[in-house]
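Asks: would you be able to build a 3D model of this:
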Amino acid sequence: MVKIRKIEISNFRSIEELVWQPAPGMNCLIGPGDSGKSTILDAIDWCLGARRNLPITDADFYAMNVDDDIDIRITLGDLSDGLKSFDVYGPFLLGMDDDGDIEDEPGEDLESVLTLQLKISDDLEPNWQLLSARAEAQGLTRSLSWADRRNIAPNRIGTYARVLSAEPDLR
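Replies: Numbering: from 1, shown residues only. Predicted structure coming up:
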């Protein structure tokens, strides 16, 4: 299962700028109401979720300023073999060292990672792309395949979550 190695959020709701490298294992977001916890979870869901459209409004922009793009970048590690496939994602594979610094190519003593970006401009259209300076220099653009998006899509359990049984109740 892929793991989030780094989250970067700009101009999304109550967050002007955030860079966070979650610690290994479980991470908890703790804070008072309206401190941005749900916004971080929404940013992860919007960027990684298996969806083609989002319910975006001007209120989703920091201080409702649509002149500054919403930019959500999530770097994923512990990649499956399919996500590390050179034939599919080769130019977009990056390397991350133990300090969280990202290199433009995977290498020895570096973890292979992919960075997915969700960018939303004033036209309110979401644009998902994999980021790589190396690929950009070659004029390449790409997003994750739909099958890979579905495989990495996060599940969110909250107030409105339901537990579905493996066996339907047919009474």
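Asks: and the spatially closest residue to Asp78 that is not a sequence neighbour, how many neighbours does it have?
Replies: Of all residues not flanking Asp78 in the chain, Lys3 sits nearest, at 4.4 Å (Cβ to Cβ, 6 or more residues apart in numbering). C-beta here means a position set from N, CA and C on the backbone, and glycine is covered the same way. By other Cβ atoms under 10 Å, the residues close to Lys3 number 14.
Asks: swap in the one 5 residues further on?
Replies: Look at Glu8: counted by other Cβ under 10 Å, it has 18 neighbours.
Asks: which helix or strand contains it?
Replies: strand 3-12 (DSSP states H and E).
Asks: ends of stretch 62-74, what's the gap?
Replies: In stretch 62-74, first residue to last residue: 19 Å (Cα to Cα, to the nearest Å).
Asks: that stretch: which residues count as buried?
Replies: Within stretch 62-74, the residues scored as buried using 16 or more other Cβ atoms under 10 Å are 62, 66, 70-74.
Asks: of all those residues, which two lie farthest apart?
Replies: Val66 and Ile74 (22.4 Å; Cβ to Cβ).
Asks: could you dump the strand holding Glu8 to PDB, C-alpha only?
Replies: Extracted in PDB, the C-alpha atoms of strand 3-12 (Å, rounded to 0.1, in the frame of the first residue of the first chain):
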ATOM      1  CA  LYS A   3       2.200   5.800   1.800                       C
ATOM      2  CA  ILE A   4       2.100   9.600   1.800                       C
ATOM      3  CA  ARG A   5       5.700  10.900   2.300                       C
ATOM      4  CA  LYS A   6       5.000  14.600   1.800                       C
ATOM      5  CA  ILE A   7       2.000  16.900   1.600                       C
ATOM      6  CA  GLU A   8       2.300  20.500   0.200                       C
ATOM      7  CA  ILE A   9      -0.800  22.700   0.100                       C
ATOM      8  CA  SER A  10      -1.100  26.200  -1.100                       C
ATOM      9  CA  ASN A  11      -4.100  28.500  -1.200                       C
ATOM     10  CA  PHE A  12      -6.700  25.900  -0.200                       C
END
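Asks: report all helices and strands that it contacts.
Replies: strand 15-20, helix 37-48, strand 70-77, strand 111-120 (3 or more Cβ pairs under 8 Å, 6 or more residues apart in numbering; DSSP states H and E).
Asks: what's the angle from the first one to strand 3-12?
Replies: Comparing the axes of strand 15-20 and strand 3-12 via axes from the mean of the first three to the mean of the last three Cα atoms, to 10 degrees yields an angle of 160 degrees.
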